[in-house]
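Novice: Give me coordinates for this.
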Amino acid sequence: MFNHTTIAFDDCVLAYDLSEQKYLFISPGVYPVLGITAKQLYENNCLWDELINKQQLACIKDVVKNFSENSPVELSYSINTPQHIIKNISDKKTLIIDGATGHKILLSIIKEARTDKPEKPQQQADAGLSKQFLTSLIDSQTSFLIRIDTNGNFNFINSQYLKTFGYKAEELLGKHFLITTIPGEARLCEDVFINCLNNPGKIIPLLHKKPDIHGNLHDTEWEFISIVNENGKVCEIQGIGHDITNRHKIEAEIIATAQKLDTFIESITDSFFILDNNWRFVRVNCAFEQITNSSREYVLGKVIWDIFPSIAGTGFERAFYEAKTKQTSIKFMEDFTSINRWFNVAIYASAGGLTVFVKDITDEKLAQEEAMSIRNSLEALINNTTDQIWSVDTATCYVYMNDAYVKQITALTGMAPQKGDHSYMQMGCSNQIIDDWKSYYQRALNGEQYTIIEESACGQTKQALFYEISFNPIYSANNAIMGVGCFARDITIRLETEQALLSQNKRLRNIASFSSHELRRPVASMLGLLNIIDRENLSNPENKAIIDYLHIVSTEIDDAIHLIVDHTFTGD
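Specialist: As a prediction, this is how the structure comes out:
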C-alpha cells in the first residue's frame, strides 16, 4: 500500500472514507500542522478544504479523482490556517481498498515543508502515534502486501501474507522471492519482476499458484508496481495480492451449476424463455424454437410483441403485464385459437424481467375432453337402463349408484342412498338383511365373482319382487381389490313366465299321457272295424252292424277329445 518513504511522519495522518464521505482517523498532530483540531475536522470534513487556495484545491481534487489504487502521489501546496499563518504543506496521498467493506480509503500523510529546526518532543510523540496507526492499518488489511528490493529479496511482508501461508517474518525477510514460488511458475514470477524494474510506475498483474508452508497451493491474484526514490531510480517493487482460492472454487461451482442449468433448460420439453424489462428476449431453449418455429438467433434481443404480434389481446399479454406490474408469479391455461393449441403457462417476475415456462397441453386437453365425452356417454348409457348398477369400496360404502338403483332403493326403503353411506346399514333394514349383504360383499372382496337371486317386496304394493344380482371384484392398477361392482336385474316377470311355462309343460305332459290311454283304445277299435267292412258288397247285412259299432267308437273318441280340451285349459 505504501512505499518505503511513508513509514516515518512528522506531523499528522488522516484516513478519509470516500464511499461514506467521512473521516475514519485523524491523528493528534493535525492541529500543529493545519491549525484545526481533530474534533473540528470530524464535525466539518470540508474545513481542511477551506484552508487551501481555490485554484490549488481544484487541482488537488482532479488528482484524487483520477487516483489509482496503491499508487502514492506526493502533492505540495500552501494553506492559510485559521490563525492566518501561511504554511507550505507536503501531502502524500495513497488510495487503498478496505478488504472488509470494499470502501475506498484516502490516506493523507501531511507535514510542513522541511526546515532546519529540530523536532519538538510533542512532534516526535505525534509521529510515533502516526507510525502505530499506519502499522495497525497495514496489518488489518485482508490483502497481501509485500515489498521486494531490486535484488529480488523480501524487505517487507504484512501479517495477512504470513498468516495465510504460515510463515514467520524472519523466515522470509532478506530471502529471495522465489523461496515462496513453485518451480513451474518461477519463470512467470521472474518475468513480472523484470518487467517492473524496466517500467517504473506501471502496474503489472500476476495470477499464479503460491504454496503455503505445508505445501498446499493457493490461487493468488497480484498487482506489482515499482517504487522510485528521490532520484527517480527504482528502489523497491511493491506487490498487493489476494487469495482467490475460494473465489476460484465458487466460480467453478457457479460455472458447473450454470452448465447443469443450461443442460436442464435445453432438455426440458416445456418451452422456456426470459424477457428483460424492455420485453426483449434474452434467453430461449430448444423447445421454444420448435414450438414457435423460430431460431434463437432470430428472436434474441428483439421485442416479444414485434416477433409475435398475434398474442396481443390474449391471455398471454394480460398475464405478462400483470406479472410485471405486480411483480408476482402467475399460472394460467390459454386456448391459442390461431393455431388450435392449448398451453399451460407459468410466469415468474423478478427485478430483471420475466421468466416464462409454456407447456403444450393440447394432447392432454383433447384426451380430457374425449374422456369426459366417454364418461358422459357411459353415464347416459348406465342411467338409461332399468338395471340397477352400483359399487362399494372395501368398507362397503357406496362409491357409485345409477339412477335406477337410487330409485329402487328409495322405493323399497323410503330413504334415498347417498354416496359414502354404508350399503344397507342406514336404510332401516333388519340385522338379518345387513348381515346377508355383508357376507355378499365380503365374498366379492375375497375375489369371488358370483350371482344370486334375491327376493324382496314392493314398498307400495307389497308384491313379491325377484332380482338377479351379480357381484364382481374391482381391481386397482396393482391388481389389489379396491371394491365391489354390483348389477341387479328385476327377474320377477321372467320367473313368472318360467313358472307358467313349467305349468303348461306339465299339462301338456298330462294331455299326452291321457291321450295315449283314452284315445288309443277307441282309435284301435275304429281301425279294426274299418278293416272288416265288406267294401266289395256294401249291402252286406254285416256292414250295418260294423257301422253301428263305428258310431259308438266315434262317440267315445269325441268324449275323449272334449276331456283333453278341458284338461288343457283348466289344468284339472
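Novice: and the next element down the chain from the one helix or strand residue 256 maps to?
Specialist: Using DSSP states H and E, the element containing residue 256 is helix 245-267. Sequence order places strand 271-276 as the next helix or strand after helix 245-267, per DSSP H and E.
Novice: still on that earlier bit, got a list of contacts for the helix holding residue 256?
Specialist: 218, 219, 272, 283, 285, 286 (C-beta atoms under 8 Å, 6 or more residues apart in numbering). Heads up, the C-betas are built off the backbone N, CA and C, glycines and all.
Novice: Same check on stretch 329-346?
Specialist: Residues contacting stretch 329-346 (C-beta under 8 Å, 6+ apart): 310, 314-316, 319, 322-323, 347-349, 356-362, 364-365.
Novice: Where do the strands of the stretch 1-150 of the chain begin and end?
Specialist: With DSSP state E, counting those that start in this stretch as the criterion, the stretch 1-150 of the chain has strands at 12-17, 22-26, 73-80, 86-97, 104-112, 144-149.
Novice: Just name the shakiest helix or strand of this structure by mean pLDDT.
Specialist: Least confident helix or strand of the chain, by mean pLDDT, DSSP states H and E, is helix 121-139 with a mean of 47.
Novice: these two touch, right, residue 91 and residue 75?
Specialist: Yes. Under the criterion of C-beta atoms under 8 Å, residue 91 makes contact with residue 75 at 4.5 Å.
Novice: how deep is residue 240 tucked in, by neighbour count?
Specialist: By the measure other C-beta atoms under 10 Å, the count of residues near residue 240 is 21.
Novice: Touching, it and residue 147? I think so.
Specialist: No. Between residue 240 and residue 147 there is no contact under C-beta under 8 Å: 10.3 Å.
Novice: what about residue 291, neighbour count?
Specialist: A count of nearby residues for residue 291, using other C-beta under 10 Å, gives 17.
Novice: Quick check: the gap between it and residue 279.
Specialist: 19 Å (C-beta to C-beta, to the nearest Å).
Novice: same question, residue 348
Specialist: Taking C-beta to C-beta, one finds residue 348 at 16 Å from residue 279.
Novice: What of residue 531?
Specialist: To residue 279, residue 531 is 120 Å away according to C-beta to C-beta.
Novice: When the two are compared, which one has more neighbours?
Specialist: Per other C-beta under 10 Å, whichever of residue 531 and residue 279 has more neighbours is residue 279, with 17 against 8.
Novice: partner residues bridging residue 346?
Specialist: Taking DSSP bridges as the rule, residue 346 bridges to residue 331, residue 357.
Novice: Show the pLDDT at it.
Specialist: pLDDT recorded at residue 346 is 91.
Novice: Out of the strands of the stretch 1-150 of the chain, indicate the one that is most buried.
Specialist: Most buried of these by mean neighbour count (mean count of other C-beta atoms under 10 Å) is strand 12-17; its value is a mean of 22.
Novice: Return the list of strands paired to that one, each annotated with direction.
Specialist: When pairing is defined by DSSP bridges, strand 12-17 lines up against strand 22-26 (antiparallel), strand 104-112 (antiparallel).
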